[in-house]
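Asker: Fold the following and give me the result.
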Amino acid sequence: MTPDYPQMIAATSTAFLLSIYKPILMLVVIIPWAWVIGSRIEPDTRRLNLNYHGWNGLLLGLGILGIIAMLAIPLFWIGWFVCILVMYLPLMFYMSRRNSIVPEEERVKLTSDSISQRMESRKTSKAARKSVITYVCHDGSHKAMPPADDPVAAIHLDSEALIEPALNSRATRLDVIASQKGVAVSQLVDSVRYKLGGMTMEQASNAIDYLKSIAGLDLEDRRRRQEGAFNLSSPSGDAVVNITTSGSSNGISMRLDFNRKAGLNLQLKDSGLLPEQRKIIEALDEPHDRHGVVLLGTASGQGMTTLGYALLRQHDAFTTNIKTLEMHVEDEVIGVDHVQFDQTNKSIDFATQVQSMLRRDPDILMIDSINEPKTGTMIAASGRQGPLIYVSVPHGSVPEVITEWFRAVGDLKDAAKPLRYVLVGRLLRKLCPNCKQAFKPSKEQARKLGINTSEVNLYRPSGKVENRNKLEECPACQGTGCLGLTSAYELMEITSPIRRMLSTGDLKGAYTEARSNKMIYLQEAALAKVTEGVTSLEEVARVFATKQSKSGSGKKDQKKATADA
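Answerer: Numbers count the residues shown, from 1 in each chain. Here you go, the predicted structure:
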């Protein structure tokens, strides 16, 4: 006689309705399974690129099958046990598959030892954490971790919690903003900002005061801008830290720069200038050609100071009288007379000090600001036969730099007369040589880059290296795919025709004339570095993306820019 399955299922359903513990046991199986699938396995497969669509579909399908089996099998305990097997055995299989391809430290273990270790680590108090940083105060004294029962010990560890991740990730700068809205922590790695985990307002304030005391700053003054420095030793190495703090009614902020001077010590040959561009700039070292104004332009945080110091280093400071006037002297080039403008001295303004320095007949002068009234006028008055003057203008394109220079001088003819060159740069991340991946460019990419697809390989960032048939995070770049910085430059030579156009306000015509003289555009210089294997199409697309693409449709515009390259 054939069993009546519909009646059996109906009877089972009735039994469920009449039983209290069976629905509970059913939920005990389903809820943990659903939590593991949704909050653990799904993001894990995405992070490890393990075909998350396939795994999610498989595990979800088997889970539904297990629930059907539990409802369909007449004997509840058998159905319940079958459901557990169908739902949880695939999870064990996934764990086994996952552990076979990830590094040892990322493997999931369910042994009693590993579970007890995790429980023990969670129970470990904050004060028992191991200190890894020793500070060297402004007076040369060492400040290590205080005893665990000292209230300052927790503050010391909070300061390490801010600094240690930045050091481990090669960050050059760390920013902490503690306001009424909360605490924001971010770091710069290869010119890209990354957000870090925050802390409470009290923790951040105490950590900032702790680091201020190490640098010898005034703890009572929370409003005024203060600058100082200290050293530290950590497993990542020794570092010189420059600290800048300021405050307002909304809160306090702190900026830490790691080994700032080391980043400024760049030679012109390593600056990123293309050979033909560097040849033009190096000619300025000839005594007969060492005259006029050279405008230097970059956007904020794009290497303006580094570029200025690199240009000064190409000149022989022992046979040439070189001076600078800077709002903040970041580093000192050997043989150069660096002068920092005293903003507290109200008896002399910036323009007057520029005029005073020009009267001393320097061979070369670098001015890092034209924002103060009459500064541009004083510089332009030196004329075409005056000293060679490098002028920093914080803008990221040649037209913007020239426009700002005209505004500072006030008269078009006076502004155009001494101009020699306009040099504008933009930072690019270099590909990590340890993990970059080669590929053949498409015909369209090769055509626009002017290369032969059969002869040249391009490279893209990876961030992964293969070790014993397993992909691991690259130890050199720590998974970013990029290591270090270079720059792309646009160099506009101010010829006589271009100078005449500028003196009449025809900036567009002057720019077109410069292009007809084979001026290399900024983006073309960047793409040349792609061809050389220094950087990638993706990086060029990121750097030259519009503000709109970065905020709204970044991925779409980035793909378009990459394709256009």
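Asker: what's around the nearest residue to residue 79 once chain neighbours are set aside, how many residues?
Answerer: Leaving aside its sequence neighbours, residue 79 sits nearest to residue 73 (CB to CB, 6 or more residues apart in numbering; 3.4 Å). Placement of C-beta: from N, CA and C, glycine included. Residue 73: 18 surrounding residues under other CB atoms under 10 Å.
Asker: close enough to count as contact, residue 73 and residue 67?
Answerer: No. Contact between residue 73 and residue 67 fails when scored by CB atoms under 8 Å: they sit 11.4 Å apart.
Asker: Quick one: list the elements packing against the helix or strand hosting residue 353.
Answerer: In this structure, residue 353 is located in helix 350-358 according to DSSP states H and E. When contacts are defined as 3 or more CB pairs under 8 Å, 6 or more residues apart in numbering; DSSP states H and E, helix 350-358 packs onto strand 322-326, strand 364-367, helix 375-380.
Asker: which secondary structure elements does the longest one contact?
Answerer: Okay, so that is helix 375-380. Short answer (3+ CB pairs under 8 Å, 6+ apart): helix 375-380 packs on helix 350-358, helix 398-409, helix 412-416.
Asker: Send me the shortest one as CSV with only the CA atoms.
Answerer: Only the C-alpha atoms of helix 412-416 are listed here, as CSV (Å, rounded to 0.1, in the frame of the first residue of the first chain):
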residue,chain,number,x,y,z
LEU,A,412,49.5,91.8,-17.4
LYS,A,413,52.6,93.2,-19.1
ASP,A,414,54.6,93.4,-15.8
ALA,A,415,53.6,89.8,-15.0
ALA,A,416,54.5,88.4,-18.4
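Asker: For the next helix or strand after it, buried residues please.
Answerer: The helix or strand immediately downstream of helix 412-416 is strand 419-431, counting by DSSP H and E. By neighbour count, and taking 16 or more other CB atoms under 10 Å as the criterion, the buried residues in strand 419-431 are 419-431.
Asker: Just list what the helix or strand that strand 419-431 is followed by packs against, helices and strands only.
Answerer: Past strand 419-431, heading to the C-terminal end, the next element that is a helix or strand (DSSP H and E) is strand 437-439. Using 3+ CB pairs under 8 Å, 6+ apart as the contact definition, the elements that strand 437-439 packs against are strand 458-460.
Asker: so for stretch 345-355, what's the average pLDDT?
Answerer: The average of the pLDDT scores along stretch 345-355 is 92.
Asker: Over to stretch 394-409?
Answerer: In this model, stretch 394-409 has an average pLDDT of 96.
Asker: Now it: buried residues?
Answerer: In stretch 394-409, counting by 16+ other CB under 10 Å, buried: 394-399, 401-402, 404-406, 408-409.
Asker: burial count for the closest residue to residue 41 other than its chain neighbours?
Answerer: Once its chain neighbours are removed from consideration, residue 41 has its nearest residue in residue 94; the separation is 6.4 Å (CB to CB, 6+ apart). Residue 94 has 20 neighbours, counted by other CB under 10 Å.
Asker: got the end-to-end distance for stretch 491-499?
Answerer: For stretch 491-499, the first and last residues are 15 Å from each other (CA to CA, to the nearest Å).
Asker: distance between that stretch and the chain's centre?
Answerer: Offset of stretch 491-499 from its chain centre (CA atoms, centre = their mean, to the nearest Å): 35 Å.
Asker: and it, which residues are buried?
Answerer: Of the residues in stretch 491-499, those with enough neighbours to count as buried (16+ other CB under 10 Å) are 491-492, 494, 498-499.
Asker: need the contact list for residue 485.
Answerer: Neighbouring residues of residue 485 by CB atoms under 8 Å, 6 or more residues apart in numbering: 190-191, 303, 427-430.
Asker: in its sheet, what does the helix or strand hosting it sit against?
Answerer: According to DSSP H and E, residue 485 maps onto strand 482-493. Using DSSP bridges, the strands paired with strand 482-493 are strand 419-431 (antiparallel).
Asker: quick one: the partner strand to helix 398-409, angle?
Answerer: Orientation note: strand 419-431 sits at an angle of 140 degrees relative to helix 398-409 (axes from the mean of the first three to the mean of the last three CA atoms, to 10 degrees).
Asker: Off-centre distance for strand 419-431?
Answerer: Centroid displacement of strand 419-431 relative to its chain, using CA atoms, centre = their mean, is 18 Å.
Asker: same check, this time on stretch 305-323
Answerer: Computed by CA atoms, centre = their mean, the separation of stretch 305-323 from the middle of its chain amounts to 28 Å.
Asker: Check what contacts that stretch and list those residues.
Answerer: Counting contacts by CB under 8 Å, 6+ apart, the residues outside stretch 305-323 that touch it are 263-268, 270-271, 281-282, 285, 290, 294, 296, 298, 324, 330-331, 333-339, 357, 360-366, 368, 390, 392, 423, 425, 487.
Asker: Walk me through the domains of the protein.
Answerer: By the record's domain assignment, the chain is partitioned as 21-100, 134-259, 268-429+485-544 (the TED database).
Asker: still on that earlier bit, can you list the buried residues of stretch 394-409 in CSV and add distance to residue 349?
Answerer: Compiled in CSV, those are given as follows (distance: CB to CB, whole Å):
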residue, distance to residue 349
394, 20
395, 23
396, 28
397, 29
398, 29
399, 29
401, 23
402, 25
404, 19
405, 19
406, 21
408, 14
409, 17
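Asker: Which members of the residues you listed are the farthest-apart pair?
Answerer: 396 and 409 (20.5 Å; CB to CB).
Asker: coming back round to it: quick check: mean pLDDT of the strand holding residue 485?
Answerer: According to the model, strand 482-493 has a mean pLDDT of 96.
Asker: Work out the gap between it and the centre of the chain.
Answerer: Its chain's C-alpha centre and that of strand 482-493 lie 16 Å apart, by CA atoms, centre = their mean.
Asker: what does stretch 215-235 give?
Answerer: For stretch 215-235, the distance between its averaged C-alpha position and the chain's averaged C-alpha position is 24 Å (CA atoms, centre = their mean).
Asker: try stretch 32-52
Answerer: Centroid displacement of stretch 32-52 relative to its chain, using CA atoms, centre = their mean, is 29 Å.
Asker: Give me the buried positions along the helix or strand containing residue 53.
Answerer: If you go by DSSP H and E, residue 53 is part of helix 52-72. Buried residues in helix 52-72, counted by 16+ other CB under 10 Å: 52, 55-56, 59, 62-63, 66-67, 69-70.
Asker: Of the residues you listed, just say which sits nearest to residue 229.
Answerer: For these, the nearest to residue 229 is residue 52 (47.4 Å; CB to CB).
Asker: Which one of the domains of the chain lies nearest to residue 444?
Answerer: With distances scored as CB to CB, the stretch of the domains of the chain nearest to residue 444 is domain 268-429+485-544 (11.9 Å).
Asker: For the stretch 101-250 of the chain, which residues score under the pLDDT cut-off?
Answerer: Along the stretch 101-250 of the chain, the model assigns pLDDT under 70 to residues 101-129.
Asker: quick one, phi psi at residue 196?
Answerer: Note on residue 196: its backbone torsions stand at phi -120, psi 170 [degrees, to the nearest 10].
Asker: so it bridges to which residues?
Answerer: According to DSSP bridges, beta-bridge pairing links residue 196 with residue 185.
Asker: Number of residues surrounding it?
Answerer: Residue 196 is surrounded by 18 other residues when neighbours are defined as other CB under 10 Å.
Asker: Residue 476 now?
Answerer: So residue 476, with other CB under 10 Å, has 15 neighbours.
Asker: so what's it scoring on pLDDT?
Answerer: Residue 476 is assigned 90 on the pLDDT scale.
Asker: who are the neighbours in contact with the nearest residue to it once chain neighbours are set aside?
Answerer: Taking CB to CB, 6+ apart as the measure, residue 476 lies nearest to residue 434, with 4.1 Å between them; neighbours along the chain are not counted. For residue 434, the contact set (CB under 8 Å, 6+ apart) comprises 465, 474-477, 483.
Asker: This completes my enquiry, with thanks.
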